[in-house]
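Engineer: how would this look folded up:
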Amino acid sequence: MKIALLGTSHWHAKMHHEAALAAGAEIVAAWDASEAHSAEFAARTGIPNAATPEAALAGADLAVLMGHPREIPDLARRLFAMGMPMILEKPAAAGTVQLEALLAEAAHNNAFVAVPLPNRHGPAMTELRRLMAEGHTGHVRHAGFRLINGPPKRYRLDGVDWILDPHIAGGGALRNLGIHGVDAAISLARGPLRVASSHIGKRIHTNEAIEDHAVVVLCDESGALFVIETGYTYASMEPGGDFEWRIATTNTTLIDRGDMAFAVRLDDGQRYELPPEPTSLRYRRFMIDTLERLASGRPPAVTLADYVKAMRLIDVAYEKAKQ
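Structural biologist: This is a model prediction of the structure:
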C-alpha cells in the first residue's frame with residue numbers, strides 16, 4: 001500500500017507515520033497547509049513534500065487526512081470526488097452537524113473512511129472479542145474507560161492551540177479524549193445507549209476555555225453501565241497518562257492499563273496475562289487492520305457512522321451536564 005499524509009501539523013502525524021512504516025506501507029508524500037511545517041516535516045522524515053493535496057495523492061492508495069477541523073470537510077470532499085480511500089483523523093469537523101453532512105456525502109460516494117480509535121485494538125478488547133466468539137463469556141454487564149492525559153499546555157507546545165478553543169474543537173477533554181471511551185461503549189453495547197449522568201467541569205485548569213475533566217455514565221437497553229472518565233488533569237506530560245480499560249461480563253474481568261493487561265475467569269479460576277500494548281503504539285495495530293480491510297474489500301473497523309454516533313452521545317452529555 002502507498003500512503004499520503006495530509007495535514008502533518010496534527011499532533012498524531014508522527015504516530016501515523018510510524019504506524020504506516022510498521023505496517024509495511026510506503027509513504028509516497030506529505031502535505032500541510034503550512035509551507036514551513038511541510039518543509040520541516042519533510043526534512044525530519046525524508047518524505048517528499050508536496051505543494052498541494054492533489055500532488056501528494058498522486059500514486060497513493062490511501063490518504064491519512066488530518067488537520068484543522070474547519071478545513072478537513074472540504075479536503076475530505078475532494079478525496080471523495082477522487083475516489084480516494086482515507087483514514088480520517090479527529091476532530092474532523094467543528095460540530096456534529098457538519099460531520100453528519102460529511103457522512104451523507106461519504107455514503108453517497110461509497111467512500112472507504114476509517115476513523116482512528118485504536119483502543120478497539122487494545123489487549124482487553126481483543127481478548128473479549130476472542131472469548132465471545134468462542135462462547136467462553138457473555139455480554140458486558142459493566143465497563144469503565146479512563147483516559148486522563150497531562151495539562152492542556154501540551155497542545156500549545158505541539159502548535160495546535162485550536163484544540164483548546166471549544167468553538168473550533170467542539171469541546172474539551174470529553175470531545176477530544178472521551179470519544180475513545182464512548183466509542184468503546186458503542187462497540188460493546190446491546191442496543192442504543194443513553195446518557196444516564198454527566199458531570200463536566202474545570203477541576204484544575206480553570207483559566208482554560210474548555211473543560212479539563214468529565215465523567216459520563218452510559219446505559220444500554222440491557223441495563224449494562226459504561227463509565228467514561230477523561231481529562232487533562234494528570235500531573236505529567238509523559239505519554240500514556242492515567243489509562244485503564246476495565247470490562248466485566250458475568251464470568252470474566254479484563255483490565256488493560258497500557259503497560260500491562262490481564263484477564264480473570266470465574267469459571268476456571270484462571271488469571272492470565274495479556275500482551276501489553278502502549279497506547280501510543282496502538283495506531284500500528286489500527287493501521288495494519290485498516291490496510292488489510294481495504295485490500296480485502298471489507299469496511300473499516302470504526303467507520304464514519306460510528307464516529308457520528310459517538311459525537312451525538314457527547315452532544316447529549318454536554319447538554320445533560322448543563323442541567
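
Engineer: Go through this protein and flag its longest helix.
Structural biologist: helix 304-322 (DSSP state H).

Engineer: Wait, a strand at F226?
Structural biologist: Yes - judged by DSSP: H, G, I helix; E, B strand; the rest coil, F226 forms part of a strand.

Engineer: What is the burial count for it?
Structural biologist: Using other CB atoms under 10 Å, F226 is surrounded by 24 other residues. From N, CA and C alone the C-beta is placed, and that goes for glycine too.

Engineer: That one contacts V217, doesn't it?
Structural biologist: Yes - applying CB atoms under 8 Å, one finds F226 in contact with V217, separated by 7.2 Å.

Engineer: Show the contacting residues for P278.
Structural biologist: P239, G240, G258, D259 (CB atoms under 8 Å, 6 or more residues apart in numbering).

Engineer: Any chance of a ChimeraX selection covering the buried ones in those?
Structural biologist: Selection of buried members from these for ChimeraX, criterion 16 or more other CB atoms under 10 Å:
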select :240,258
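
Engineer: from the contacts of P278, which is closest to A124?
Structural biologist: G258 (10.6 Å; CB to CB).

Engineer: Regarding the closest one, what is its secondary structure?
Structural biologist: Applying three-state DSSP: G258 is coil.

Engineer: Now it. Nearest residue, chain neighbours left out?
Structural biologist: F243 (4.6 Å; CB to CB, 6 or more residues apart in numbering).

Engineer: same question, P151
Structural biologist: Y232 (5.7 Å).

Engineer: residues near that neighbour, how many?
Structural biologist: 27.

Engineer: That one is in contact with H205, isn't it?
Structural biologist: Yes - counting by CB under 8 Å, Y232 touches H205, with 6.3 Å between them.

Engineer: which residues touch the residue nearest to G258?
Structural biologist: By CB under 8 Å, 6+ apart, the neighbours of F243 are R146, L147, I148, R257, G258, T279.

Engineer: sec struct for it, please.
Structural biologist: Applying three-state DSSP to F243 yields a three-state assignment of strand.

Engineer: who's it bridged to?
Structural biologist: Taking DSSP bridges as the rule, F243 bridges to L147.

Engineer: For it, give its distance to G201.
Structural biologist: 21 Å (CB to CB, to the nearest Å).
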